[in-house]
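> Sequence and predicted structure are below.
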Amino acid sequence: MDRRSFLKTLALTSAAALAGCTQRQTLQPPNIVFILADDLGYPDLGCFGHKRIQTPHLDRMASQGVKLTDFYVTCSVCTPSRSGFLTGRYPHRNGLYENIRSNMTNYGHEYNEFEYLFSPEMTQGLDVREVTIGDRLKALGYTNGVFGKWDSGRKHEFLPLQRGFDDFYGFSNTGIDYWTHERYGVPSMYRNNQRIKEEGYATDLFKREAVRFIRENHDQPFFLYVPFNAPHGASNLNYRGAQAPESYVAMYSDVEDERRARYYAAITCMDDAIGEILDTLEEFDLAENTLVIFTSDNGAHQNEPLRDGKGSVYEGGVRVPFIARWRGMIPAGTERSDFSSTLEMLPTFVRLAGGDPDSGPQLDGYDLMPVLRGIGTGERTEHYWELRGKRAIRAGKWKWVLDPGGRWNTPESEIGELFDLQADPGETTNLAAKYPEKEKELREKWEAWFWDMAQSEPRGPFSKAYFDLMGFGDGWYKLD
């Protein structure tokens, strides 16, 4: 789309917004910066109520923009959460609904280079038939960069440069050691399609590359995706907690639990990196033409007052902090409770870029800009989750959960728990017995959704046999 076409489209859809734009803004579509934390708990920012963790830059970003309090991800573990954002489609529709992980490390096994070549992390990825947010924005004239944790496949055809991005620095599996950049002994850092070795703390390196990308592309529309691996635990066999420079750890010397102190330190270090990215936008006078969003891929292992955490379909696993800033477009210092999720990101970004979100594959989200700008209400009324046999739906204020415990266990009963999130966001009081018809209604909604996912066009890397084993198929695989 040329600039004249873009202006015509934007004038028709957002005349009020254009009235306040600067001359530079009228010449090109807005830049988009999407920053993703890794395993960050819902309350673990100052602006979301944490009293100890220092996050001054994200707090400032929130004061200059909007916080969403009821924002969700598509899954409570890394890979499928990111697949939902990258495609705008539920993980069970895009095919990547489980982690890509070489699980022998759970038993202390360290892969050698040759053995790793045949592991799931080196052979599986987001189906190449899926259209990513990078593909969509590149077709609209954007230059796209991703710096950090890709986690959508390490094989050549799955790497970012083959998925709509122009610039990549980071790793493609689910985690690394922050300092050595190895994943359980296997060097894992890439620049574009080339594996490399480089010294340095991962958060600092990803910040360096993000700043470089802005400097090199400040005079053209760009999409900058910064998926930090902080504060996710390190992926090595001798220590699996978060890692941080000692100068940051020293800031939390009063925290008795050392792993908790290092988790806090990794967050503060990431916050400083985000501050430098925001400062670079200011340096090139881009704040009035750049939408900046920050959120997390899923909850942490502890998320009080929310229930449970990573790997769970309770609120602590799937509800995450969200901040958006766009000077002159998003009212400063606002807070919204509109029900929304990362499924909204692709349609929002594509429409901002002047495209039609509905011109591609079926999407599961909507344009979030009216909510962020405070001129409309959210369109989402329902959101669904399934992970390793755990099931959940939120519909309005109601949340239905069926959690048989463990992984891939068969529930003893199809009747789930029912919570009123408006009155009980911590999911402490099960109301299923009090409102059996509401429990039945939500259970049947979830079942209809999962049947729809089972009937969607097959996508790799996982088999449709999963749906059949769950009881949502024609019995071609499941044995009596």
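Ah, there it is.
> which residues touch residue 361?
Residue 361 makes contact with 87, 89, 130, 131, according to CB atoms under 8 Å, 6 or more residues apart in numbering. Every residue, glycine included, has its C-beta placed from N, CA and C.
> and the two most separated of those residues?
89 and 131 (9.2 Å; CB to CB).
> Can you pick out the residue with more neighbours from these two?
Between residue 89 and residue 131, counting by other CB atoms under 10 Å, residue 89 is the more crowded of the two (26 against 19).
> does the more buried one really touch residue 347, like I thought?
No - taking CB atoms under 8 Å as the definition, residue 89 is not a contact partner of residue 347, at 10.7 Å.
> the helices in the stretch 301-450 of the chain, which residues?
Ranges of helices in the stretch 301-450 of the chain, per DSSP state H, counting those that start in this stretch, are 315-318, 345-352, 369-373, 436-455.
> Residue 197 is nearest to which of these?
Proximity to residue 197, assessed across the helices of the stretch 301-450 of the chain by CB to CB, is greatest for helix 345-352 (32.7 Å).
> what's in contact with the closest one?
Identification of contacts with helix 345-352 by CB under 8 Å, 6+ apart yields 13, 29-30, 32, 34, 85-88, 133, 136-137, 140, 223, 291, 293, 356-357, 363, 365-369.
> quick one: average pLDDT of that helix?
Helix 345-352 carries an average pLDDT of 98.
> and residue 227, how many residues sit next to it?
Counted with other CB under 10 Å, residue 227 comes out at 21.
> Not counting residues beside it along the chain, what's closest to the residue nearest to the spatial centre of the chain?
Nearest to the geometric centre of the chain sits residue 297, at 3.6 Å (CA atoms, centre = their mean). In space, and not counting its chain neighbours, residue 297 is closest to residue 81: 4.4 Å by CB to CB, 6 or more residues apart in numbering.
> Kindly report the domain assignment for the chain.
For the chain, automatic domain parsing gives the domain ranges 28-380, 384-469.
> Columns distance to residue 476 on top of the ones you listed, output as TSV?
Output for the domains of the chain, formatted as TSV (distance: least, CB to CB, whole Å):
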stretch	distance to residue 476
domain 28-380	18
domain 384-469	6
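> out of those domains, nearest to residue 475?
Across the domains of the chain, residue 475 has its closest neighbour in domain 384-469 (6.7 Å, CB to CB).
> Would you mind identifying the next helix or strand past the lowest-mean-pLDDT helix or strand in the chain?
When the helices and strands of the chain are scored by mean pLDDT, DSSP states H and E, helix 15-18 comes last with a mean of 40. The helix or strand immediately downstream of helix 15-18 is strand 31-37, counting by DSSP states H and E.
> Show me what the longest helix along the chain is packed up against.
Looking across the chain with DSSP state H, the single longest helix is helix 258-283. Here helix 258-283 touches strand 31-37, helix 56-63, helix 202-217, helix 246-249, strand 290-296, going by 3 or more CB pairs under 8 Å, 6 or more residues apart in numbering; DSSP states H and E.
> Need the contact partners of stretch 447-460.
Applying CB under 8 Å, 6+ apart, the contact partners of stretch 447-460 are 90, 92-96, 124, 127, 129-130, 384, 386, 391, 393, 464, 467-468, 470, 472-473.
> Which of the residues you listed fall within helices?
Members of the contacts of stretch 447-460 lying in helices (criterion: DSSP H): 92, 93, 94, 467, 468.
> Distance check, the first one against residue 464.
Which is residue 92. Applying CB to CB, to the nearest Å, the value for residue 92 to residue 464 is 10 Å.
> more neighbours, the two?
Neighbour count, other CB under 10 Å: between residue 92 and residue 464, residue 92 has more, with 28 against 18.
> Measure how buried the closest residue to that one other than its chain neighbours is and give me the count.
Leaving aside its chain neighbours, residue 92 sits nearest to residue 453 (3.8 Å; criterion: CB to CB, 6+ apart). Residue 453 sits with 18 neighbouring residues when counted by other CB under 10 Å.
> Next one: residue 453 from residue 154, what distance?
26 Å.
> Tell me if I'm right that residue 302 and residue 308 touch.
No - using CB under 8 Å as the test, residue 302 is too far from residue 308 to be in contact (9.2 Å).
> All set, thanks.
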